[in-house]
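A.B. asks: Okay, predicted coordinates and the sequence, questions at the end:
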Amino acid sequence: MPERIGIYPGTFDPITRGHLDIIERGIRLFDTLIVAVASNPGKAPLFDVNERLEIIGGEIKKYKSVRSESFDCLLIDYVKKKKASTILRGLRVMSDFEYEFQMALTNRKLAPGIETVFMMTSESYATVSSRLIKEIARLGGDVSGFVTPAVEKRLREKFRKNPGVAT
Ligand code: ADP
């Protein structure tokens, strides 16, 4: 059997308990799961790509079959380069659907051999988004239910050093 490689792409700015929930579910589907961090400078991320990779590294080191990498090319080209055949995405609320549907169909047009697989998040994380967490953390709120203690610490440090930074 060829190795089943799955690619879980995203911005992960920063990685949340919702992302980790999808990773834990994805582990069961693939021999190797690559968490692929889009550098996405256009989105003006709070954490640069190396910081995001470092944070993710701390969270996934306990999983033997998961690793993380960054990419800055077209996702489909990255997936082909990795000899993967499946893109993994998470679904939370209905509002995710339209965007995800459009992206999956576009990627299918670009590369018909590559499938996108969606996994439904656990209901406890259905409303968790990196964007919301950054906003709460920036205003000094408690984000411990949404991110791990290590990520919470990174957020606190980031906002302490850059109090005026935009989220
Ligand atoms: P992107 O900029 O590509 O949307 P994100 O880091 O926001 O990157 O999300 C990456 C993937 O993880 C997307 O498929 C998104 O729907 C999914 N995701 C984000 N938050 C959650 C969550 N709380 N539960 C499940 N999936 C999630």
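C.D. replies: On my side now, so go ahead. Numbers count the residues shown, from 1 in each chain.
A.B. asks: going forward, measure contacts and count neighbours with C-alpha atoms only.
C.D. replies: Will do.
A.B. asks: ok, Leu91 touching Thr116?
C.D. replies: No: taking contacts as C-alpha atoms under 8 Å, Leu91 lies outside contact range of Thr116: 11.9 Å.
A.B. asks: So what's the residue count around Ile27?
C.D. replies: Neighbours of Ile27 under the rule other C-alpha atoms under 10 Å: 17.
A.B. asks: How about the one 4 residues further on?
C.D. replies: Neighbouring residues of Asp31 were enumerated by other C-alpha under 10 Å; the total is 15.
A.B. asks: what does Ile23 give?
C.D. replies: 22.
A.B. asks: residues in contact with it?
C.D. replies: Ile23 makes contact with Tyr8, Leu33, according to C-alpha atoms under 8 Å, 6 or more residues apart in numbering.
A.B. asks: can we see that at 7 Å?
C.D. replies: Listed by C-alpha atoms under 7 Å, 6 or more residues apart in numbering, Ile23 has no contact partners.
A.B. asks: again with the one 3 residues further on
C.D. replies: Gly26 sits next to no residue when contact means C-alpha under 7 Å, 6+ apart.
A.B. asks: okay, now the nearest residue in space to Pro163 that is not next to it in sequence: neighbour count?
C.D. replies: Leaving aside its sequence neighbours, Pro163 sits nearest to Arg138 (C-alpha to C-alpha, 6 or more residues apart in numbering; 7.6 Å). For Arg138, the count of nearby residues is 20 (other C-alpha under 10 Å).
A.B. asks: if I look at Arg138, how far off is the ligand?
C.D. replies: 18 Å (C-alpha to the nearest ligand atom, to the nearest Å).
A.B. asks: wait, doesn't that residue sit right on Lys158?
C.D. replies: No: using C-alpha atoms under 7 Å, Arg138 is not in contact with Lys158; the gap is 9.0 Å.
A.B. asks: Alright, I will stop here.
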